[in-house]
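A.B. asks: A structural model of the following input is requested.
(2 chains)
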Amino acid sequence: MIPKHHITGAIVLLIFAVAGVLAAHDFISMWTPDKIYPSAALTEKRRLSDYFSDLKGTNADTDVLIFQGDRPGATVMLLGGTHPNEPAAFIAATVIAENIVVNAGRVIIVPQACASGFTCTDPFEGYPQSYTLDTKSGPRRFRFGSRVASPLDSWPDPLIYTHYPSGQRLSGFESRNLNRSYPGRPNGTFSERTAYGIMEILRQEQVDVAFDLHEAAPEIPIINAIVYHEKGEDIALAAVLDLEMLGMSYAPELSPTNFHGLSHREWGDATDVIPFLMETSNPIQGRLRGQTNAELVIEGVSPEYKEALESGALRIVYTPTGEPLKHRVGRHLQGFQALLNSYNMYHEDNPVEIEGLPSHQEIMDNGLGNYLH
Amino acid sequence: MLYWTYIAITVYLSAMIVIELFSEKDWKRQVAMGMLLLVFVLRILQIK
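C.D. replies: Predicted coordinates:
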């Protein structure tokens, strides 16, 4: 006679075996890459491993899309997805890649800079694994990832992360953060090697101006901002004035010289490139948010942030009607174009001329999906 | 080496949990062990 607790034990194992298969299927679905449909202006599709071969076959390898204009000019690089839980950055890079026309110069787009981070979500945050946008070709699913590289690719985290080469010390979690890992090193951690690969694009392609798109929680001080390296100050301030003329407010923020590992500092210090980083206000990243789901990603409506705003007790950037994805993507696109116009003003002999990108107002009027394949 | 040490420890703990699960008489504790085992197995398989 089989003891009763052996039977219940077998039943428990069976139930959790089924649950495990379902959970595994869900997690593995995040390993499928997002599809991006570059515009007809695409001239070459490369991989990050073409710049740093050690990344080949790893989850750090990612697409590098190159759009070469007919006329010579400056080379621009734009990163989306440095932090895969900041969807406006990835979607803005995708909209640019799917609509851009380059007349002069060259534009290099890396839509998912931290490809590893797109394969999982952050623990304990309750984030959705994906969100779906209605586009010209129908519903398109995009992954909502983790702020940092997957622990399956980079493990274990040290207790203290020591940035190379500055020696700056941060929490161990930041060792998987691409935007704390620049300039990276070829024999370093997973994120340092990814950062080294990005730096190799800057060096090998002789990039003149570069962008890193981000989002942040509404309570973070640097929000709706353009962060610039000191050598891009004139360009940034002229762009901010142009944007003010359009009724759009961007806070110009000078990159701190003693905060290391970030793109707006290390790219500019280590190469000739003029780097810019842009931030928008994203409620799903905030500590005050309530229900955390795909609707919050897309609509950006948070009653909790509305209440916090109305209380006047906090300094937060939140519009009472919400911070929808189309608004956040539109801000990135408008900022990108304003900075390029400003760059051209200061570099008339070596401009980059692009067209085909929607303005913030056009995205707000026509919807984000109208500019996605 | 560190990776395989981690996997070996996780496999060992999973085996201990299975043994404990079948010697435990309280079904509620068995359910708790099942939940714990699920996480370990997904990690051993490098799925999560």
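A.B. asks: how about the strands of the stretch 201-350 of chain A, start to end?
C.D. replies: A:209-213, A:225-228, A:251-254, A:274-279 (DSSP state E, counting those that start in this stretch).
A.B. asks: please disregard the earlier target; I meant chain B.
C.D. replies: Assigned strands in chain B: none (criterion: DSSP state E).
A.B. asks: from it, which residue is nearest to chain A?
C.D. replies: Distance from chain A to each residue of chain B (C-beta to the nearest C-beta) is smallest for residue B:34, at 4.0 Å. Every residue, glycine included, has its C-beta placed from N, CA and C.
A.B. asks: wouldn't that residue be in contact with residue A:17 here?
C.D. replies: No: between residue B:34 and residue A:17 there is no contact under C-beta atoms under 8 Å: 9.0 Å.
A.B. asks: settle it for me: which of the two has more neighbours?
C.D. replies: Ranked by neighbour count (other C-beta atoms under 10 Å in any protein chain shown), residue B:34 and residue A:17 place residue B:34 first, with 22 against 14.
A.B. asks: for that one, give its distance to residue A:16.
C.D. replies: Applying C-beta to C-beta, to the nearest Å, the value for residue B:34 to residue A:16 is 4 Å.
A.B. asks: what's the answer for residue B:45, then?
C.D. replies: Relative to residue A:16, and taking C-beta to C-beta, residue B:45 is found at 14 Å.
A.B. asks: quick one: which of these two has more around it?
C.D. replies: residue A:16 (21 against 12).
A.B. asks: for the strand or helix carrying the more buried one, packing partners?
C.D. replies: Here residue A:16, judged by DSSP states H and E, is contained in helix A:4-28. Packed against helix A:4-28, as judged by 3 or more C-beta pairs under 8 Å, 6 or more residues apart in numbering or on different chains; DSSP states H and E, are the following elements: helix B:2-23, helix B:27-44.
A.B. asks: who wins for proximity to residue A:223 among those helices?
C.D. replies: Nearest to residue A:223 among those is helix B:27-44 (35.7 Å), distances taken as C-beta to C-beta.
A.B. asks: next one: that closest one to chain centre, how far?
C.D. replies: Distance, stretch centre to chain centre, for helix B:27-44: 6 Å (C-alpha atoms, centre = their mean, to the nearest Å).
A.B. asks: ok, and for stretch B:12-28, which residues are buried?
C.D. replies: B:14, B:17-18, B:21-22, B:24 (16 or more other C-beta atoms under 10 Å in any protein chain shown).
A.B. asks: which of these sit farthest apart?
C.D. replies: Longest distance between any two of these is 15.4 Å, between B:14 and B:24; criterion C-beta to C-beta.
A.B. asks: contacts only, for whatever residue of the stretch 251-373 of chain A ends up closest to chain B.
C.D. replies: Among the residues of the stretch 251-373 of chain A, residue A:292 lies nearest to chain B; the distance is 18.7 Å by C-beta to the nearest C-beta. Residues near residue A:292 by C-beta atoms under 8 Å, 6 or more residues apart in numbering or on different chains: A:125-128, A:284.
A.B. asks: if any of those residues are buried, give me the ChimeraX selection for them.
C.D. replies: Buried residues within those, by 16+ other C-beta under 10 Å, are selected in ChimeraX with:
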select /A:127,128,284
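A.B. asks: for the contacts of residue A:292, which one is nearest residue A:226?
C.D. replies: Distances from residue A:226 to the contacts of residue A:292, taken by C-beta to C-beta, are shortest for residue A:284, at 22.2 Å.
A.B. asks: find me the pLDDT at the closest one, would you?
C.D. replies: For residue A:284, the model assigns a pLDDT of 97.
A.B. asks: again with residue A:72
C.D. replies: Per-residue confidence (pLDDT) for residue A:72: 97.
A.B. asks: please apply the same query to the one 5 residues further on.
C.D. replies: Predicted confidence (pLDDT) for residue A:77: 98.
A.B. asks: which phi and psi does it have?
C.D. replies: phi -120, psi 140 (degrees, to the nearest 10).
A.B. asks: ok, now residue A:141?
C.D. replies: Backbone torsions of residue A:141, given as degrees, to the nearest 10, read phi -90, psi 130.
A.B. asks: could you pull up the residues touching it?
C.D. replies: A:34, A:130-132.
A.B. asks: of these, closest to residue A:189?
C.D. replies: Nearest to residue A:189 among the contacts of residue A:141, with distances taken as C-beta to C-beta, is residue A:34, at 24.9 Å.
A.B. asks: which SS class is that closest one?
C.D. replies: coil (DSSP: H, G, I helix; E, B strand; the rest coil).
A.B. asks: test my guess that it contacts residue A:143.
C.D. replies: Yes: using C-beta under 8 Å, residue A:34 is in contact with residue A:143, at 5.7 Å.
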